[in-house]
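Novice: The following block contains a protein sequence and its predicted model.
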Amino acid sequence: MTVAGSTTRPPGGGPAWDTVGPSRPGQSVLVTLAVVLGVPGLVLTAMRVLPPADDAAALVAAFIPFAVPLLGLSLLCLLVALVRAHRRAALAVLLGVVVLLLGAQLAWQLPYVVPDDRRVVGATFGLLTLNTYRGLADPAQVLAAAQDADVVVLVEVTPALVASLDAAGWRDRFPHDVGATGGEVSNTLVFSRHPLTGSRRLGSGSFDQWSTTVDVPQVGPVALLAVHPCNPYCGSGRWADEHAGLRRAVEAGLDGPLVVAGDFNAVVDHGPMQELHRLGLRSAADLVGAGWAPTYPANRTVPPLIAIDHVLVDPALAVADLARVPVDGTDHLGLLARVGRSS
């Protein structure tokens with residue numbers, strides 16, 4: 001007979017089958033840490049699926065790739081907690097959610113570390129893009145960075161920087177330009193060893209942007225968009241508006257070959273960059289399998305955290321190589337890509 005309120009014990013005096021043992025030391029800490037890490041991972045993953053257009057959320061979305069380590073650490077905490085747990089159903093459900101989120105992130109990020117099967121056929125040309133940070137980039141280092149380039153896109157340029165480059169013999173290598181001669185110096189410039197034709201300013205954004213065509217020997221005419229849409233800090237929806245203008249310019253040039261290069265103020269996971277991807281553009285980092293290649297902020301106590309500078313190409317072109325280029329005085333790393341016709 002069992003007295004009300006008592007618990008039936010098995011023979012031998014051991015604990016009853018339904019006895020819940022005391023919580024193991026550190027168990028609550030593991031679960032709490034898993035949730036603290038997992039919630040931002042969930043938010044960043046949701047931003048990849050439902051890209052934000054407002055300025056504040058777009059700033060947060062720049063860190064979407066960081067969901068991978070956040071969710072990975074959350075998964076580790078949950079695995080340890082699950083092994084130690086007396087009751088595991090709730091933890092197993094939470095673990096399953098984190099596994100799904102991490103799987104989605106890995107599906108988006110891992111292709112960037114695998115070289116594409118698109119190969120360059122024939123001759124190539126070098127293209128350097130660099131944000132000079134209000135013209136404060138070291139002119140001698142800019143000149144050195146451009147030694148292997150045939151086309152250079154410089155943004156946030158000042159007349160003083162152009163004068164310093166000219167004094168160092170810049171025009172001996174790059175006799176053709178858009179925005180540097182014939183009047184006021186533009187804050188976005190294109191320099192080239194080869195003739196530039198059909199050059200025109202793109203819209204009226206916060207920074208100058210240009211469309212031109214480079215006549216590259218053994219490659220042929222290549223349309224080039226030199227771009228610098230405003231960042232989300234600009235406010236008033238200008239980030240989304242100027243990216244919409246960039247998309248329209250790309251759509252108008254899809255008869256290719258087409259290169260779009262500059263400081264996009266957006267990572268590949270941002271909505272506007274996904275739209276360009278759906279139009280057929282691929283980043284040089286993606287094509288060569290460079291993986292996560294952050295370019296900003298540079299020359300700080302911390303290494304670059306986000307990749308907002310890009311070289312994008314359409315299906316008519318491929319990329320043989322991509323390198324990040326450090327230059328003193330600027331808060332961006334440059335990108336030097338070797339581009340040619342695709343197979």
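Specialist: Structure received.
Novice: remind me which residues of the chain are low pLDDT?
Specialist: Along the chain, the parts satisfying pLDDT under 70 run over 1-24, 182-183.
Novice: Go ahead and flag the most central residue of it.
Specialist: residue 267 (3.0 Å; CA atoms, centre = their mean).
Novice: so that one is in which element?
Specialist: Using DSSP states H and E, residue 267 sits in no helix or strand.
Novice: residues in contact with it?
Specialist: For residue 267, the contacting residues are 61-62, 64-65, 273, 306-308, by CB atoms under 8 Å, 6 or more residues apart in numbering. The C-beta positions use only the backbone N, C-alpha and C, and glycine is treated the same way.
Novice: now, which of these sits nearest residue 314?
Specialist: Using CB to CB, residue 273 comes nearest to residue 314 of the contacts of residue 267, at 14.7 Å.
Novice: burial count for the closest residue to that closest one other than its chain neighbours?
Specialist: The spatial neighbour of residue 273 that comes closest, neighbours along the chain excluded (CB to CB, 6 or more residues apart in numbering), is residue 266 at 5.1 Å. Applying other CB atoms under 10 Å, we find 25 residues neighbouring residue 266.
Novice: For residue 266, give me its contacts.
Specialist: 58, 62, 229, 239, 243, 272-273, 308.
Novice: among those, which are in strands?
Specialist: Using DSSP state E, no member of the contacts of residue 266 falls within strands.
Novice: and which of those is nearest residue 74?
Specialist: Closest to residue 74, out of all of the contacts of residue 266 and judged by CB to CB, is residue 62, at 20.7 Å.
Novice: I'd say the closest one and residue 270 touch.
Specialist: Yes: with contact defined as CB atoms under 8 Å, residue 62 counts as touching residue 270 (7.2 Å).
Novice: Tell me which of the two has more neighbours.
Specialist: residue 270 (26 against 22).
Novice: Tell me who's in contact with the more buried one.
Specialist: 51, 58, 61-62, 64.
Novice: what are the phi and psi values for it?
Specialist: The phi and psi torsions at residue 270 (degrees, to the nearest 10) take the values phi -70, psi 150.
Novice: can you list the domains in the protein?
Specialist: 27-111, 117-342 (automatic domain parsing).
Novice: Compute the first-to-last residue distance for the last one.
Specialist: According to CA to CA, to the nearest Å, domain 117-342 extends 10 Å from its N-terminal end residue to its C-terminal end residue.
Novice: With the shortest one instead?
Specialist: By CA to CA, the extent of domain 27-111 from end to end equals 36 Å.
Novice: so how far is that domain from its chain's centroid?
Specialist: 20 Å (CA atoms, centre = their mean, to the nearest Å).
Novice: So residue 164 sits against residue 137, correct?
Specialist: No: applying CB under 8 Å as the test, residue 164 and residue 137 come out as separate, 9.7 Å apart.
Novice: Just want to know which of these two has more residues nearby.
Specialist: Comparing residue 164 with residue 137 by other CB under 10 Å, the one with more neighbours is residue 137, at 28 against 18.
Novice: so where do the helices sit in the chain?
Specialist: Using DSSP state H, the helices of the chain run over 27-49, 55-61, 67-84, 89-109, 139-145, 159-167, 170-173, 238-252, 271-278, 284-288.
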